[in-house]
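# Have a look; sequence and predicted model below, questions after that.
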Amino acid sequence: MIELQDGYFIINGKPFFVYSGELHYFRLPPKLWPLHLKRAKEAGLNTVSTYIPWSWHEAKEGQFDFTGRTHPQKNLKRYLEEVNKAGLKFIARIGPVSNAELVNEGIPGWLLENYPEVFVRGKEVTNLPHVTLLSYHNDTFQKYVGKWYDKVLPILHENEYPNGPLILVQLDNEIGMVHWLNKAADYSPNTEKMYREFLKDKYSNITALNRAYHTSHADFSAVRQPSSGADTQNKNLLWDWMSFYQQYYARYYQLLFKHYNGSGVSLPVLANIPQFYDFDVRGRGVFSPMTTMMFRDFPQHVPKVIFGGAYQMRRLDYENFHDISITTEVVKMITSPGVPSICAELQTGIMRDRPRLYAPDVELNLKSCMGHGLNALNCYMFSGGKNEPEFGAFGTYHEWQAPVNSAGQKQDHFPALAEFGDIVKTFGVQVSSTKKKTDTTIGFYPYYYTTEYLTGPLIEAWEWKKMQLFYDGLARLLQVTNLNYSFADLQKTSVEELKQYPSLWVFTMDFMDADTQDKLVAYVKQGGTLVLNPGLPEKDQMLEKCTILADYLLLRTETTIKKNLFFYIGKQDYLAQGEINTFTCPKNAEAIATTREGKACGIRIARDKGQVLLLGFGLNHMFDYHADLVRYFAKTAGVKPSVEVSKDLHAVLRTGGDHGFLFLANYHDAVKSTKVRLIIPGENKSSTFPSSGEITLSNRRCYVIPLNVPLPSGDRIRYAAGEILTIKESNKSKIFDVRGEPGTIVEIELKTDARRASLDGKKIPAVARAGALRIRFEANGARQRLEIS
């Protein structure tokens, strides 16, 4: 039985960390299936995943092949038998859309040719195969999707766990991605009708709509979607249009779920969110807050839907490591309580052969994603393959820099997956039941991010601010200072719910609707610490005057400076980015930053039971002193990190009652060292380890450090200043596979009555005290066997 509980998976009554790899049976000859599944086991995977492409199994209308009758690689039934035989779980991604670098995104060509009403061909998007635009709610499309589901779902039902390997089903893939990339709305008759119904539900009568839109429609039948997203149009109209598309995508998913739910399959369902966008040698998640907003309404229609991101950053290092935390937290924000968040496509390969993917990119991605609270990771791709002619959008070649090539040979980064597999096998159950510990919260304002179809100079200015001043500004700087955060949707989170967040950092532009401004006032009144940056909203969502928050704070924006962007704290100058806003400073406020002319651009105000820090300058991580500034402002706001490490290393803590795991990462291309100071889970006072010296990490490496983690014998690992990969226990001893950087000292402390230790068969000193044993030894960079007895 598969259950979702408290943010993790339960299989057969036990927490289960899903460690999966994408292995496309339709790109490999059946004789190689067992070899590739063997490689999956060797990598420590417990699950494999694949698309089941509609265009592959119904190449001609009404002619389905799931047994290999027309091509051996269509024998889905046999493949599922092989997966089960290998002892692996299975994730099915059944479309109708697959993407997957397939011609027509995996939609059958006959459907597009014979029934052109189901799609609109999009304009070319440079160097991307994504040009098939579907009308999701079109009756013909839905009819044929239903027929496809009627054929494929019974096969899945037969293989549902525990009778087979299937544990999770993904419906469709990256819904709305092609539409967003093409800025292409759906103007089909069905959608226009849905749009009018949406507006009727919101406004009830045409008079109310005309008042909001400044229009003079005679009735709702006269209303049409805007012909474009030009930002010169009425803002209520544009916000409603974007809100409608959130429902449009969600109701499409609901239709798919109704087909699925009626099939007898009772497993959890997944929706995969498009997130990363390629920029030269790096992929970035800068659009992930916006694309995630496209899925915001899904839980209203399918309450326990699991969201999975696609984390494909190519090179992962200090320049883009914060993309993982931001992308993960915005996904968690829209996820229903108790439902896990996962990564449906974690980069362990790259579609093209440049830029080259290396082992540190894979290791950092896997461990960082686990650290930030994801409880299922699907390695994409795990195996390379080959497309049949005219089936793949890029021809027959499909190696994808996968850790296992199409011939079944291991590639250079395979060991990084296998090492992480050891960690999952050793600690996966205990990691699953922990949660990421956060130090503060980002108050997320959805209007800023519901812009996927909008265009024009105003939208371009907003996009620049979001990327430079929030994504690579405030949100990155908080992460750089080791302040881990969650996200809270300021529109959906109630005032009562906001009480759970002692501090709230809100990226602000010059507008915010009245209800949200009221909510922030109430938050401060009940004792919250509110940090606003880089400005004070004094307009509503229509860009008309709305000064609820300003009135409460007894101040106004005085000027907005666009040149000579220097501000001062004391006599020290700092460079701002984009703008500096100055404010009238009330008597009860403290100016904590000023311009060269002495005007207040940073203000601290105590109000009622709470306080507000208004930081009126754009922040971007241009210089390291910007991180020091955020550290200073956080201290002023009473916010401090749960884990203290050196500035060059980054720590994330997952805790679950009396145990936890520390994810200590070095994203730099240089060796870094640190001591660690924190309250170890299950204890009540701060500790520092190692007892002498420091933990050393080589360039672009991450350690998963157990903290007070119980062993079956009842002993506990209090901490490890190094990395424990495997554990074997017997009545007489405990054997650990341990790794540390060559020439450095690894220190491990256990809560145990054992008193002796040996390393690779040779006795080494151990310091014993009441109920504890501390071992220190010099690492050689390879796995070493530590035995305790």
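Here it is on my side, so go on. Numbering: from 1, shown residues only.

# I'd like the average pLDDT over the helix or strand that F141 is a member of.
Remark: F141 resides in helix 139-158, with elements defined by DSSP states H and E. Helix 139-158 shows a mean pLDDT of 98 in the predicted model.

# Which residues does it contact?
52, 54, 57-58, 64, 66, 76-77, 80, 92, 94-96, 111, 115, 117-119, 134-135, 164, 166, 169, 190, 255-256, 259-260, 263-265 (Cβ atoms under 8 Å, 6 or more residues apart in numbering). C-beta here means a position set from N, CA and C on the backbone, and glycine is covered the same way.

# How far away from the center of its chain is it?
Remark: helix 139-158 is offset 30 Å from the chain centroid, using Cα atoms, centre = their mean, to the nearest Å.

# residues of it that come out buried?
141-142, 144-145, 147-149, 152-153, 155-157 (16 or more other Cβ atoms under 10 Å).

# With stretch 632-644 instead?
By 16+ other Cβ under 10 Å, the buried positions in stretch 632-644 come out as 633-634, 636-637, 639, 641-643.

# what about dumping the CA coordinates of that stretch to PDB?
Provided in PDB are the C-alpha atoms of stretch 632-644 (Å, rounded to 0.1, in the frame of the first residue of the first chain):
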ATOM      1  CA  TYR A 632      23.300  42.800   9.400                       C
ATOM      2  CA  PHE A 633      19.600  43.400   8.600                       C
ATOM      3  CA  ALA A 634      18.700  39.900   9.600                       C
ATOM      4  CA  LYS A 635      20.400  40.400  13.000                       C
ATOM      5  CA  THR A 636      18.500  43.700  13.300                       C
ATOM      6  CA  ALA A 637      15.300  41.800  12.700                       C
ATOM      7  CA  GLY A 638      16.200  39.100  15.200                       C
ATOM      8  CA  VAL A 639      16.800  36.500  12.600                       C
ATOM      9  CA  LYS A 640      19.800  34.100  13.000                       C
ATOM     10  CA  PRO A 641      20.800  30.900  11.300                       C
ATOM     11  CA  SER A 642      20.100  27.500  12.900                       C
ATOM     12  CA  VAL A 643      23.500  26.300  11.900                       C
ATOM     13  CA  GLU A 644      26.700  28.400  12.100                       C
END
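
# Quick one: residues in contact with that stretch.
437, 439-440, 478, 481-484, 502-503, 529, 531, 569, 592, 604, 611, 613, 615, 651-653, 662, 676-679.

# Just the ones in helices from the contacts of helix 139-158, please.
Using DSSP state H, 54, 57, 76-77, 80, 111, 190, 255-256, 259-260 are the members of the contacts of helix 139-158 that sit in helices.

# Quick one: which of those residues is the most crowded by neighbours?
Counting neighbours by other Cβ atoms under 10 Å, W54 leads the ones in helices among the contacts of helix 139-158 with 28 neighbours.

# re earlier: mind putting the buried residues of stretch 632-644 in a markdown table, secondary structure, distance to E463 and pLDDT included?
Shown next, in a markdown table, are the buried residues of stretch 632-644 (DSSP: H, G, I helix; E, B strand; the rest coil; distance: Cβ to Cβ, whole Å; pLDDT from 0 to 100):
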| residue | secondary structure | distance to E463 | pLDDT |
| --- | --- | --- | --- |
| F633 | helix | 25 | 98 |
| A634 | helix | 27 | 99 |
| T636 | helix | 30 | 97 |
| A637 | coil | 28 | 98 |
| V639 | coil | 28 | 98 |
| P641 | coil | 31 | 98 |
| S642 | coil | 33 | 98 |
| V643 | coil | 34 | 99 |
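
# Could you report the neighbour count for the residue lying closest to Y277 once chain neighbours are set aside?
Among residues not flanking Y277 along the chain, F287 sits closest, at 5.4 Å (Cβ to Cβ, 6 or more residues apart in numbering). Number of residues near F287 (other Cβ under 10 Å) recorded here: 20.

# cool, and E558?
14.

# so how far is P274 from it?
42 Å (Cβ to Cβ, to the nearest Å).

# now N780, what's its secondary structure?
coil (DSSP: H, G, I helix; E, B strand; the rest coil).

# ok, and the closest non-adjacent residue to it?
The nearest residue in space to N780 (Cβ to Cβ, 6+ apart) is P742, at 5.5 Å.

# Check what contacts stretch 33-47 and list those residues.
16-21, 23, 25, 28, 48, 78-79, 82-83, 85-91, 167, 378-379, 382-383, 403-404, 408, 410, 414, 417-418, 420-422, 424-425.

# Now list the buried members of those.
Looks like these have 16-21, 23, 25, 28, 48, 78-79, 82-83, 86, 88-91, 167, 378-379, 382-383, 403-404, 408, 414, 417-418, 420-422, 424-425 buried, using 16+ other Cβ under 10 Å.

# Now go through the residues you listed and say which are in strands.
16, 18-21, 48, 89-91, 167, 378-379 (DSSP state E).

# so where's the stretch 301-450 of the chain uncertain?
Along the stretch 301-450 of the chain, the model assigns pLDDT under 70 to no residue.

# Any chance of the buried residues of helix 139-158 in TSV with distance to A720 as columns?
TSV is the format used below for the buried residues of helix 139-158 (distance: Cβ to Cβ, whole Å):
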residue	distance to A720
F141	54
Q142	54
Y144	55
V145	51
K147	55
W148	50
Y149	48
V152	46
L153	46
I155	45
L156	42
H157	45
